[in-house]
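> below are the sequence and a predicted model for it; my questions follow.
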Amino acid sequence: MKRVLFVASEASPFAHTGGLGEVCGSLPKSLAQRGCEVKLVLPAYRAIKAAYPNLPVYRTLPLPGQPSECSILRLPLAPRLDLWLVDVPVFFDRPGGPYADAAGREWHDNPHRFACFARAVVGLAEDPAWRPDVVHCNDWPTGLVPALLSTRPQAPPSVFTIHNLAFAGLCDRDTFEQLQLPPEWWHYERLEFHGSGSFLKGGLAFAERLTTVSPTYAQEILTPALGQGLDGLLRHRANALSGILNGIDTDIWDPATDPLLVANFSVAELAARVPNKVALQACFGLAEGPDALLLGMVSRLTDQKGIDLLLEVLPALVGEGFQCVILGSGEPALEAALSTLAARYPRAVGVRFGYDTELAHQIFAGADAVVMPSRFEPCGLSQLYSQRYGALPIVRRTGGLHDSVRDGQTGFLFEKARPEALLAALRRAAAVWRQPQRWRALQLAGMAEDFSWDRSAGEYLALYHSLGH
């Protein structure tokens with residue numbers, strides 16, 4: 001039985017800002033189901049402590065350079081799976097989200113917060129009462145963990161998973177020195193990155209194994225085009241890098257049992273899906289009826305996601321009988337442009353800003369297709385959810401989208417991040433939409449795909465065993 005210390009800055013349902021939280025909430029559960037003993041480690045954010053008051057203290061840890069001890073709170077989650085919360089109130093007991101305040105402004109002391117978190121994790125990794133076989137870290141907030149473990153002679157090996165290379169966790173030189181990290185780490189082969197310190201590079205440079213969340217993205221980040229300036233380091237470490245496609249929690253994401261849907265349905269009862277479309281049209285104030293091809297999008301509203309491409313083609317789509325509903329938040333200019341379009345076409349375009357779990361489920365269940373014109377996409381989860389829920393994905397051929405959608409069989413792919421390429425793919429989809437039997441065949445093929453964590457968790461388990469500890 002492998003003991004896994006699984007380290008993250010967010011994990012659904014405890015703290016969640018996007019795909020990172022969803023993955024880190026579901027993968028540890030799957031690992032435990034496969035026989036691992038897993039401790040999921042998160043910061044003790046205020047919202048978690050409010051939801052679970054009076055949690056017992058598992059142990060306390062002294063933290064170098066910190067004025068007080070750190071308490072580790074324990075919450076059993078499932079057989080062989082516990083949640084450990086790193087409780088340092090000065091850093092984590094505050095309103096807002098994991099990285100930013102309620103207004104969306106990043107916490108100025110994020111480097112100090114996650115350096116403190118990393119030091120607590122190292123303390124847990126060296127705990128003789130429960131010594132892990134592997135420490136599995138995720139994205140920049142955990143990047144200092146492999147670096148710090150490298151200084152400890154008896155430390156367990158580490159795995160570092162890149163969920164999105166675009167987020168590097170930067171700090172300036174003064175902050176780097178305040179963190180009391182080894183001065184020799186301020187070097188381009190270690191943590192220094194174009195005059196800043198990068199937490200992400202801590203994981204990339206020091207972890208024994210590197211993974212990312214799809215096989216195609218693992219190849220893309222070795223190139224200057226998608227390497228975010230880190231492709232040289234990644235090519236140097238290519239032998240330690242692998243891509244493992246994300247999965248989804250098929251207990252939560254099951255259209256046959258999902259309590260958030262207006263009507264449940266399955267492969268055997270696909271006609272029962274129809275009330276979800278009608279309800280979705282009503283929710284957004286769109287013209288109700290079965291004839292319009294209803295597009296859905298659940299996404300961060302950023303340049304990465306290709307929102308500008310969709311904005312450019314939406315007027316033409318409305319003229320051709322499409323409808324579109326969008327749920328997400330992000331760049332103010334993109335939100336404003338979407339609001340303008342929704343006001344211009346109130347019976348065809350609907351927008352909700354923010355994140356709403358119930359509405360997200362209803363979009364996947366009610367939309368005919370889900371559009372993802374991403375410029376790059378490490379994995380993406382919407383295309384996995386949409387296929388399971390019978391909504392055909394219309395996606396750009398990049399990263400995990402390329403790995404999980406089969407063109408003309410379970411969805412539609414296009415090559416270039418240009419409006420005309422997206423429009424052509426949407427028109428291809430519309431042509432199939434006008435052939436109901438063919439459309440249904442694609443729906444059934446997508447719903448039959450296995451995107452559970454079972455296969456991917458097995459790949460992680462094989463990776464842990466390869467470390468030989």
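Looks like it came in fine. If you're wondering where the values come from, they're calculated on a predicted model, not measured in any experiment.
> tell me the pLDDT at the residue nearest to Asp172 when sequence neighbours are not counted?
With sequence-adjacent residues excluded and distances taken as Cβ to Cβ, 6 or more residues apart in numbering, Asp172 is closest to Ser196, at 6.2 Å. Bear in mind the C-beta positions are built from the backbone N, C-alpha and C, glycine included. In this model, Ser196 is scored at 97, pLDDT.
> counting neighbours, what do you get for Ser196?
If you count neighbours by other Cβ atoms under 10 Å, Ser196 ends up with 16.
> again with Arg352
Other residues close to Arg352 by other Cβ under 10 Å number 18.
> that one is in contact with Leu338, isn't it?
No: at 10.0 Å, Arg352 does not count as touching Leu338 under the criterion of Cβ atoms under 8 Å.
> now the common contact residues for the two.
Residues touching both Arg352 and Leu338 comprise Ile326, with contact defined as Cβ atoms under 8 Å, 6 or more residues apart in numbering.
> quick one, helices of the stretch 201-350 of the chain?
Per DSSP state H, counting those that start in this stretch, the stretch 201-350 of the chain carries helices over the ranges 215-220, 231-236, 274-283, 307-319, 332-344.
> winner for burial among those?
Per-residue neighbour counts averaged over each of the helices of the stretch 201-350 of the chain give the maximum for helix 215-220, namely a mean of 21 (mean count of other Cβ atoms under 10 Å).
> mean confidence (pLDDT) on it, please.
Helix 215-220 shows an average pLDDT of 98 in the prediction.
> also stretch 143-155?
Looking at stretch 143-155 alone, the average pLDDT works out to 96.
> put the alpha carbons of it into PDB.
Taking C-alpha atoms only, stretch 143-155 is exported to PDB below (Å, rounded to 0.1, in the frame of the first residue of the first chain):
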ATOM      1  CA  GLY A 143       6.300  24.400  -6.000                       C
ATOM      2  CA  LEU A 144       8.500  25.100  -3.100                       C
ATOM      3  CA  VAL A 145       7.800  21.700  -1.600                       C
ATOM      4  CA  PRO A 146      10.000  19.700  -3.900                       C
ATOM      5  CA  ALA A 147      12.700  22.300  -3.600                       C
ATOM      6  CA  LEU A 148      12.700  22.200   0.200                       C
ATOM      7  CA  LEU A 149      12.500  18.400   0.300                       C
ATOM      8  CA  SER A 150      15.700  18.300  -1.800                       C
ATOM      9  CA  THR A 151      17.600  19.800   1.100                       C
ATOM     10  CA  ARG A 152      16.500  17.000   3.500                       C
ATOM     11  CA  PRO A 153      18.600  13.900   3.200                       C
ATOM     12  CA  GLN A 154      15.900  11.400   4.300                       C
ATOM     13  CA  ALA A 155      13.000  13.100   2.500                       C
END
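> return the set of buried residues in it.
143-150, 155 (16 or more other Cβ atoms under 10 Å).
> ditto for stretch 38-49
In stretch 38-49, counting by 16+ other Cβ under 10 Å, buried: 38-45, 48-49.
> now, which of those lie within strands?
Among the buried residues of stretch 38-49, the subset assigned to strands under DSSP state E consists of 38-43.
> for stretch 154-164, what is the distance to the chain centroid?
A distance of 17 Å separates the C-alpha centroid of stretch 154-164 from that of its chain, computed with Cα atoms, centre = their mean, to the nearest Å.
> repeat for stretch 183-194
For stretch 183-194, the distance to the chain centre is 27 Å (Cα atoms, centre = their mean).
> again with stretch 64-78
Counting by Cα atoms, centre = their mean, stretch 64-78 is centred 25 Å from the centre of its parent chain.
> contacting residues around it?
Outside stretch 64-78, the residues touching it (Cβ under 8 Å, 6+ apart) are 29, 32-33, 40, 44, 49, 52, 55-63, 82-88, 90, 116, 119-120, 123-124, 179-180.
> do stretch 86-103 as well
Counting contacts by Cβ under 8 Å, 6+ apart, the residues outside stretch 86-103 that touch it are 9-10, 15, 17, 41-46, 49, 63, 66-68, 70-73, 106-107, 109-110, 112-113, 116-117, 120-121, 141.
> among those residues, name the buried ones.
In those, burial by neighbour count holds for 9-10, 15, 17, 41-45, 49, 63, 66, 70-73, 107, 110, 112-113, 116-117, 120-121, 141, counting by 16+ other Cβ under 10 Å.
> out of these, which sit inside helices?
Counted as lying in helices by DSSP state H, out of the buried ones among the contacts of stretch 86-103, are 49, 110, 112-113, 116-117, 120-121.
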